[in-house]
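>>> attaching a predicted model along with its sequence, questions to come.
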There are 2 protein chains.
Amino acid sequence: MNEFELIARLTCGLPTNESVVTGAGDDCAVLDLGIADKLILFKTDAVVEGFHFTRATRPEKIGRKALARCLSDIAAMAGTPTAAVVTIALPQNFEPEFVEKIYDGLNALAREHGVAIVGGETTTNPERILISISLLGTVPRGKQILRSGAKTGDAIFVTGELGGSLVERHLDFEPRLAEARWLAEHFSVHAMQDLSDGLAGDLRHILPAGMGAEIWKSAVPVSRAAKLRAKESSNAKPAFAAALTDGEDFELLFTIAGKEAVKLLDAWKKKFPNLKLTCIGKIIADDGILIRDKNGSHKLNAHGYVHFA
Amino acid sequence: MNEFELIARLTCGLPTNESVVTGAGDDCAVLDLGIADKLILFKTDAVVEGFHFTRATRPEKIGRKALARCLSDIAAMAGTPTAAVVTIALPQNFEPEFVEKIYDGLNALAREHGVAIVGGETTTNPERILISISLLGTVPRGKQILRSGAKTGDAIFVTGELGGSLVERHLDFEPRLAEARWLAEHFSVHAMQDLSDGLAGDLRHILPAGMGAEIWKSAVPVSRAAKLRAKESSNAKPAFAAALTDGEDFELLFTIAGKEAVKLLDAWKKKFPNLKLTCIGKIIADDGILIRDKNGSHKLNAHGYVHFA
């Protein structure tokens, strides 16, 4: 049983109650707690030393990243973040100054987005630092955007550029909160999520059962970092593979009706002139993900990786 | 700088916003998100292998304990739990069945209390299992009970019995949710918290600046487990010291006006005949905690431990 199989088994039997609008499995849970015009969003996420950062990472950036990941999930629902609680698990010999700097980075980002930090817990994890953050947010009632609403013929969009995030950007990315809210207000977005594991894997989460996607290779916005790395070493991933599979992009992936695509691109350029928005393909009626280039199209394999000849 | 000094420094500079009614430092945060008749409670807590359980602990009990600790904090505010998110950090070689059993215990307790589990995250922590849970609850608007409302002359109460929890009870304790809500509905409870670190240390959290407590030694309900341990070995803590300092009791500690004490005890006996409620002392106008026995009274030292001659 791998991680995904385990999660699927665990998710099936979870207790629920009448407050749950959307439970585990989307970017955030959606709860109805009786606020007249709003629903509650609820999300947890963790970063672990050695996996999401190292002891050499500037502590301010560790704290920033831990919160930014959760903010990105609130963005993926077109929500507004409100309040967070933070658990930091630390080796017994930790430097208090190091922890304060983690909080400095976390607090600064929280202030930028109007988020209150309302509770914390420090506990012991002898071998490595682990930070778990839970975030509450709100979304106008009925305006939450789930992963599940894509339709055949939808245009698929991504914000920003993909790949090479681990060079640096994974510590500095901007959660696309304002962009997502603007999208939800002005367009009928059918499905949305944030890109955390890489486009190839994440794209499957927004494909309804039996449907697929056609991705136009030349349209995918590959980051400069991914291109540079590919150039610098013949052992590095080809830049397009990096854009599909590197992960930690934390850009928005969403779909809208194909006939709205041009209108959206025009309006976006005026509203967010400094952030790229790209139509990378479309939702199709056949299962699976096709990558289309000038030589034709080939299928992505089940694990989300393309075999490049 | 020790853990408490660090927490004090971190807590000072936390970002806030207009939704925050009570921020970090109480059993739960209290948020006003615009529900007509309710406020939101928000809490996070973590358990770590080697500290709160071992690899030999039955996994169902690990999951149960992780959630029960958070439920106890909701109880301490006289709230009702609603929904939780769960982060489980695991060694790479984990047995999926072990994780499923953790969830079995957690889910069973969640169902007992009508709590929905609405999200989860599994991540890697190579050396030990760590479970972080965040819990949302509600409380009737204005009816939350904080740690800060004790008054001189208040009677101090505890539910259940104290000490010896680590023998077994720390895995099986019942969060006092129904009891706390009943208290808040029928009496003017001035201050309340749950006992996690031991009476001697926790009592300080409900003493307003400049006030103290007088505890009547013979009144403190010492658990059978603590008494047995003290008898079995001359190296063990005296039973009374165990009741003061063992921790993980997860009973309620609260104060009400002294003149209400007898009425409360009578009503409690009718409502909860199977759970002891004990008046163990009173709030006094002088700083510090006095332990009073037949020979007079002596002060608890600053670290929460009594020196027994």
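Sure, I can see it.
>>> can you give me the helices in the stretch 201-309 of chain A?
Assigned helices in the stretch 201-309 of chain A, in chain order: A:224-232, A:239-245, A:261-271 (criterion: DSSP state H, counting those that start in this stretch).
>>> what's the average pLDDT for the longest one?
Yep, that's helix A:261-271 we're talking about. Average pLDDT, helix A:261-271: 98.
>>> so what secondary structure elements neighbour it?
If contacts are counted by 3 or more Cβ pairs under 8 Å, 6 or more residues apart in numbering or on different chains; DSSP states H and E, helix A:261-271 sits against strand A:154-159, strand A:277-284. For glycine as for every other residue, the C-beta is placed from the backbone atoms N, C-alpha and C.
>>> ok, 10 Å please
Applying 3 or more Cβ pairs under 10 Å, 6 or more residues apart in numbering or on different chains; DSSP states H and E, one finds that helix A:261-271 contacts strand A:154-159, helix A:177-186, strand A:252-257, strand A:277-284.
>>> turn these into a markdown table, including distance to B:Ala46, mean pLDDT and mean neighbour count.
Output for those, formatted as a markdown table (distance: least, Cβ to Cβ, whole Å; pLDDT from 0 to 100; neighbours: other Cβ atoms under 10 Å in any protein chain shown):
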| stretch | distance to B:Ala46 | mean pLDDT | mean neighbour count |
| --- | --- | --- | --- |
| strand A:154-159 | 34 | 98 | 24 |
| helix A:177-186 | 27 | 98 | 19 |
| strand A:252-257 | 31 | 98 | 24 |
| strand A:277-284 | 39 | 98 | 20 |
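>>> got JSON lines for the helices of the stretch 201-309 of chain A, with mean neighbour count too?
Putting the helices of the stretch 201-309 of chain A into JSON lines (neighbours: other Cβ atoms under 10 Å in any protein chain shown) gives the following:
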{"stretch": "helix A:224-232", "mean neighbour count": "17"}
{"stretch": "helix A:239-245", "mean neighbour count": "23"}
{"stretch": "helix A:261-271", "mean neighbour count": "14"}
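>>> distance to B:Leu6 for those - can I get that in a markdown table?
Formatted as a markdown table, the helices of the stretch 201-309 of chain A follow (distance: least, Cβ to Cβ, whole Å):
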| stretch | distance to B:Leu6 |
| --- | --- |
| helix A:224-232 | 36 |
| helix A:239-245 | 40 |
| helix A:261-271 | 43 |
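>>> ok, which of those helices comes nearest B:Val85?
Evaluated with Cβ to Cβ, the helices of the stretch 201-309 of chain A place helix A:239-245 nearest to B:Val85, the distance being 27.4 Å.
>>> for the closest one, give the mean pLDDT please.
According to the model, helix A:239-245 has a mean pLDDT of 94.
>>> centre of the chain versus that helix, how much separation?
With Cα atoms, centre = their mean, to the nearest Å as the basis, helix A:239-245 stands 16 Å off its chain's centre.
>>> quick one: low-confidence residue ranges for the stretch 51-200 of chain A.
By pLDDT under 70, the stretch 51-200 of chain A has no low-scoring segment.
>>> and the spatially most central residue of chain A, what does it touch?
Closest to where the C-alpha atoms of chain A average out (Cα atoms, centre = their mean) is A:Asp194, at 2.5 Å. A:Asp194 makes contact with A:27, A:69, A:71-77, A:159, A:173, A:175-176, A:180, A:202, A:249-254, according to Cβ atoms under 10 Å, 6 or more residues apart in numbering or on different chains.
>>> near chain B, list only the ones from the residues you listed.
If you filter those for contact with chain B, counting by Cβ under 10 Å from any Cβ of the partner chain, you are left with A:Asp27, A:Asp73.
>>> now the strands for chain A?
Listed in chain order, the strands of chain A (DSSP state E) span A:20-22, A:29-31, A:38-48, A:80-90, A:116-124, A:130-140, A:154-159, A:189-194, A:212-216, A:252-257, A:277-284, A:288-293, A:296-299.
>>> for these, which one sits closest to B:Lys143?
strand A:116-124 (18.9 Å).
>>> is chain B contacted by the closest one?
Yes - Strand A:116-124 reaches chain B (Cβ under 10 Å from any Cβ) through A:Ala116, A:Ile117, A:Val118, A:Gly119, A:Gly120, A:Glu121, A:Thr122, A:Thr123, A:Thr124.
>>> skipping its backbone neighbours, what lies nearest the second one in space?
Spatial nearest neighbour of A:Ile117, excluding adjacent residues (Cβ to Cβ, 6 or more residues apart in numbering or on different chains): B:Leu14 at 4.3 Å.
>>> ok, the one you found to A:Val139 distance?
24 Å (Cβ to Cβ, to the nearest Å).
>>> returning to what we had before: between the residues of strand A:116-124 next to chain B, which is closest to chain B?
Closest approach to chain B among these (Cβ to the nearest Cβ): A:Val118, at 3.5 Å.
>>> and the closest one, how close does it get to A:Leu135?
11 Å.
>>> swap in A:Leu71?
Distance, A:Leu71 to A:Leu135, by Cβ to Cβ: 7 Å.
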